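Peer 1: I'd like to go over a predicted model; first the sequence, then the structure.
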Amino acid sequence: MRIKKISLHGFKSFADKTTLTFSGGTSAIIGPNGCGKSNVVDAIRWVIGEQNARHLRGKNMEDIIFNGTDTRKAVGMAEVVLTFLNNEGRAPERFASFPEIEIYRRLYRSGESEYGINKVQCRLKDVVELFTDTGIGTRAYSIIEQGQVGWLVNAKPIERRVLFEEAAGINKYKQKKEAALRRLKATDENLTRVSDIVSEVKRQLNSLNRQAKKAERYKVLKDELKGIDIKLSKIEFVKMAAEIEETKKSLVEVSDSESALVSALGAKEVEAEQARADYTLEEEAFRAVTERVHALEKKIQDEENTNSLALMRLEELKRNEARLGEEIEELMRLKAATLKEIELNEGYLEESVVRIEQESGIVDKRCGELEALSLKLKEKESEEATCKAESLSVMTRLQDLRHALQSCLKEEEQCRVVEAKTRTELEVKKKEALDLQAPLANLRLRVEETAEKRAVLEAELAESILHLESAEEKKSGIECELDSVKNEHVRVG
């Protein structure tokens with residue numbers, strides 16, 4: 001193969017795309033120092049796979065990208081395209097039919113790199129294999145740099161041997177041998193790992209077999225449990241249905257009892273309302289009688305006050321009567337003394353007679369007043385007796401009203417007791433109804449719990465089946481992997 005042309009774009013000093021064509025014979029690039037002659041060789045070395053930036057006279061691989069000048073800005077990519085003529089068909093078998101072989105390599109400032117052969121992206125390994133045994137390479141004898149001849153003369157035999165092997169074409173077979181040895185070493189390592197895997201798989205197979213047996217036993221027991229659960233659920237359902245029917249009957253009875261109690265309560269409430277109305281009437285009558293009693297008591301008090309005054313007046317009259325009696329006695333003594341004096345002194349007879357007549361008139365007048373006061377006292381005593389009789393009658397009526405009021409209060413209390421008892425019975429019936437509803441709710445809750453338990457058991461069964469299937473798939477995969485490893489071992493052996 002012979003180089004036909006090379007295109008550079010953004011590589012080192014080649015900011016613009018530059019194409020160099022090499023015709024038949026010897027080609028030379030001539031120019032002053034620093035014009036970029038060596039950059040062409042670096043480009044060829046780089047495009048065929050050089051990875052060391054120092055061999056390209058740089059510190060980092062990004063140094064090969066044009067970094068810009070004062071008048072031009074930097075570019076973001078370096079690209080080199082190298083074209084070979086393959087007229088004699090000396091290229092490897094894959095590319096022997098191509099008259100030209102084009103290789104390109106790109107490097108971006110982000111660090112990404114691309115390789116390609118005949119405008120098809122490939123790997124660096126493909127580029128290296130393309131130039132194997134052709135004398136072309138990063139360390140091949142086809143590229144001789146400055147100082148390379150002195151290095152060849154002073155090189156050690158082992159170093160010269162590399163060039164001779166490359167020129168003789170055995171380097172390709174050495175590389176194949178090294179690759180085969182690496183594969184054999186990797187196969188030995190894989191066999192060691194396979195042995196470990198086989199022992200681990202056997203251990204896992206035993207465990208999986210035990211798990212599979214347990215899963216089968218679990219499945220059988222699960223089916224039995226499902227049947228038992230269904231039978232138990234059926235029995236509980238029948239029992240719950242009977243309990244529900246009994247509860248419904250009890251609820252109907254309670255509803256009837258409640259209706260009867262409500263009716264009785266309504267009747268009792270009507271009676272209580274009537275009793276309240278009667279009590280209101282009796283209370284109004286009692287209030288009227290109380291007011292009448294108060295009026296009579298006030299009248300009696302007034303009469304008593306009047307009687308007290310009359311008695312005081314009577315006492316005063318009695319005292320006057322006693323005083324007048326004493327005066328009469330004194331007058332009688334005076335009369336007797338006067339008569340004696342008349343006998344002794346007739347001269348004073350007429351005067352004494354006049355005085356006696358005057359005193360007799362006064363005595364008669366005082367006796368009349370006394371008789372009038374006695375009559376008035378008798379009248380007051382009669383009125384007092386009448387008032388006392390009326391007061392006694394009022395008190396008797398008041399006592400009767402109080403007895404009637406006590407009777408009404410007792411009847412009202414009895415009505416309230418009956419009402420409270422009725423309400424208590426109603427609450428008891430309602431509580432019994434609620435107590436009957438609680439077992440019904442519990443039965444429904446048990447039915448729901450049974451359904452949930454059944455769902456949970458079915459989920460566990462499905463999970464166990466999935467686990468068993470996963471274990472079987474894992475077992476099948478391990479067996480397949482073991483067979484493939486055995487086959488590869490047999491093939492390598």
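Peer 2: Everything's here; your move.
Peer 1: can you tell me the element Lys340 falls in?
Peer 2: Using DSSP states H and E, Lys340 falls within helix 171-344.
Peer 1: which strands and helices sit next to that helix?
Peer 2: On a contact count with 3 or more CB pairs under 8 Å, 6 or more residues apart in numbering; DSSP states H and E, helix 171-344 meets helix 157-168, helix 349-492. Every residue, glycine included, has its C-beta placed from N, CA and C.
Peer 1: kindly export the shortest one (C-alpha atoms) in CSV.
Peer 2: As requested, the backbone C-alpha atoms of helix 157-168 are provided in CSV (Å, rounded to 0.1, in the frame of the first residue of the first chain):
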residue,chain,number,x,y,z
PRO,A,157,19.5,-6.8,19.5
ILE,A,158,16.2,-7.3,21.1
GLU,A,159,15.1,-3.9,19.9
ARG,A,160,16.3,-4.6,16.3
ARG,A,161,14.5,-7.9,16.4
VAL,A,162,11.2,-6.1,16.6
LEU,A,163,11.9,-4.3,13.3
PHE,A,164,13.1,-7.5,11.6
GLU,A,165,10.0,-9.4,12.8
GLU,A,166,7.8,-6.6,11.5
ALA,A,167,9.6,-6.7,8.1
ALA,A,168,9.4,-10.5,8.0
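Peer 1: mean confidence score for the helix holding Lys340?
Peer 2: Averaging pLDDT along helix 171-344 yields 79.
Peer 1: quick one: end-to-end length of stretch 14-27, please.
Peer 2: 20 Å (CA to CA, to the nearest Å).
Peer 1: can you name the residues that contact the closest residue to Ser13 other than its chain neighbours?
Peer 2: In this structure, Ser13 finds its nearest non-sequential neighbour in Gly36, 4.3 Å apart by CB to CB, 6 or more residues apart in numbering. For Gly36, the set of contacting residues under the criterion of CB atoms under 8 Å, 6 or more residues apart in numbering consists of Lys12, Ser13, Phe14.
Peer 1: repeat that for Tyr104.
Peer 2: Applying CB under 8 Å, 6+ apart, one finds that Tyr104 lies in contact with Val47, Glu79, Val80, Val81, Leu82, Glu114, Tyr115, Gly116, Lys119.
Peer 1: one more time with 10 Å, if that's ok
Peer 2: Neighbouring residues of Tyr104 by CB atoms under 10 Å, 6 or more residues apart in numbering: 7, 47, 79-83, 114-119, 121, 127.
Peer 1: which one of these is nearest Asn209?
Peer 2: Within the contacts of Tyr104, distances to Asn209 taken as CB to CB reach their minimum at Gln121, with 50.5 Å.
Peer 1: what comes up buried for the host helix or strand of that closest one?
Peer 2: With the criterion set as DSSP H and E, the secondary-structure element containing Gln121 is strand 120-122. If you call a residue buried by 16 or more other CB atoms under 10 Å, then strand 120-122 has no buried ones at all.
Peer 1: and after that strand, which helix or strand comes next?
Peer 2: Moving toward the C-terminus from strand 120-122, the first helix or strand encountered (DSSP H and E) is helix 124-130.
Peer 1: quick one: list the elements packing against that next one.
Peer 2: Other helices and strands packing on helix 124-130, by 3 or more CB pairs under 10 Å, 6 or more residues apart in numbering; DSSP states H and E, are strand 100-108, strand 113-117, strand 120-122, helix 171-344.
Peer 1: hey, which of the ones you listed is tucked in deepest?
Peer 2: For these, average neighbour numbers computed from mean count of other CB atoms under 10 Å are highest in strand 100-108, which has a mean of 18.
Peer 1: now that one and strand 113-117, what's the angle there?
Peer 2: With axes from the mean of the first three to the mean of the last three CA atoms, to 10 degrees defining the directions, strand 100-108 sits at 170 degrees from strand 113-117.
Peer 1: partners of strand 100-108, with directions?
Peer 2: Strand partners for strand 100-108, identified by DSSP bridges, are recorded as strand 77-85 (antiparallel), strand 113-117 (antiparallel).
Peer 1: could I get the ones you listed as CSV with distance to Ser195 and mean pLDDT?
Peer 2: Written out in CSV, the entries for those read as follows (distance: least, CB to CB, whole Å; pLDDT from 0 to 100):
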stretch, distance to Ser195, mean pLDDT
strand 77-85, 49, 92
strand 113-117, 39, 92
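Peer 1: out of the ones you listed, which gets nearest to Thr21?
Peer 2: Ranking the strands paired with strand 100-108 by their distance to Thr21 (criterion: CB to CB) puts strand 77-85 first, at 9.1 Å.
Peer 1: list the buried residues of the closest one.
Peer 2: Met77, Ala78, Glu79, Val80, Val81, Leu82, Thr83, Phe84.
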